[in-house]
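Visitor: structure of the sequence below:
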Amino acid sequence: MSAAPYPYDLILFDLDGTLIETAPEIADAVNDTLTEIGLLPVEQDRVDRWIGHGTRELLIQALAWRWGEPAEAVRASDRFPAIEAAFGRHYQRRCGTRSHLYPQVRDTLLALRAQGVKLAVVTNKEGRYTQAVLDAHALAPLFDRIVSGDTLPVKKPNPLGIADTLLRYGVAAERALFVGDSSIDVATARNAGVTVWALPYGYNMGEPIEACGPDRVIADFSALVPVAWLPAPA
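Guide: Model (predicted):
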């Protein structure tokens, strides 16, 4: 009996907490910035819970926490542009220093590409940081499209990043899959009308991913392909 045809023509992925474990170096860059302006560092687990809305929002949350002010006050602060620029310098320097691919990511992406599946990243991380992280791990060439938090006028959970990619490649929603690690990713996929699978190891603001109601929770990337598509263990 022949194997069933692969059900997806396009798979879209979140970045942080899905493809790459980036939280340690994000925390390093945040704390480099806080130290530079005379503030105490923040704990890693707190940074983990702030990940998801883009690096700029994460920095705003860190400053709000340390200044004891609401996030809106940080956004309106005359000091914020210079602090954001300092963070940019620190994060560019930190990219790739303490991040790593999650299990089976590279082999799975290569296997999917070999079968003609279109691959895209849809992340809320700003474009310059998205590119730096992907380049640090030599992943950028594996994707047909990269949609960052500032690529389009809106970002997740708005579905435009998914919808625009579907349109670009002429893929019907039922032939697309979104893979992420957070309630933001699940909401984005639901808003776009595509199936969503979730990974349990990422950054979901401290909540279990099952509570978000994805169509499926998978242990790692190998669930995305038949075993025969992956290289034999060395």
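
Visitor: just the strands in this protein please.
Guide: 10-13, 20-21, 100-101, 118-122, 145-147, 176-180, 195-198, 216-217 (DSSP state E).

Visitor: return the most buried member of those strands.
Guide: Greatest average neighbour count among these goes to strand 176-180 (a mean of 26), per mean count of other C-beta atoms under 10 Å. Placement of C-beta: from N, CA and C, glycine included.

Visitor: and that strand, what does it pack against?
Guide: Packing partners of strand 176-180 (3 or more C-beta pairs under 8 Å, 6 or more residues apart in numbering; DSSP states H and E): strand 10-13, helix 160-169, helix 183-192, strand 195-198.

Visitor: just tell me which of those ends up closest to residue 121.
Guide: When these are compared by C-beta to C-beta, strand 10-13 sits nearest residue 121, at 5.5 Å.

Visitor: ok now that closest one, how far from the chain's centre?
Guide: 12 Å (C-alpha atoms, centre = their mean, to the nearest Å).

Visitor: ok, stretch 137-156 next?
Guide: On C-alpha atoms, centre = their mean, the centre of stretch 137-156 falls 9 Å from the chain's centre.

Visitor: what comes into contact with it?
Guide: 19-20, 54, 56, 96, 99-101, 105-106, 109-110, 113, 118-127, 130-131, 134, 160-161, 164-165, 168-169, 184-185, 187-188 (C-beta atoms under 8 Å, 6 or more residues apart in numbering).

Visitor: switch to 6 Å and redo it
Guide: 54, 101, 109, 118-127, 130, 134, 160-161, 165, 184, 188 (C-beta atoms under 6 Å, 6 or more residues apart in numbering).

Visitor: so among these, which ones count as buried?
Guide: Those of the contacts of stretch 137-156 that meet the buried threshold are 54, 101, 109, 118-126, 130, 134, 160-161, 165, 184, 188, by 16 or more other C-beta atoms under 10 Å.

Visitor: would you mind listing where the chain has pLDDT under the threshold?
Guide: Filtered on pLDDT under 70, the chain yields the residue ranges 1-3, 234.

Visitor: helices of that one, residue ranges please.
Guide: According to DSSP state H, the chain carries its helices in the segments 23-36, 44-50, 55-67, 71-76, 80-94, 105-114, 127-136, 160-169, 183-192.

Visitor: from these, which stretch is densest packed?
Guide: helix 183-192 (a mean of 22).
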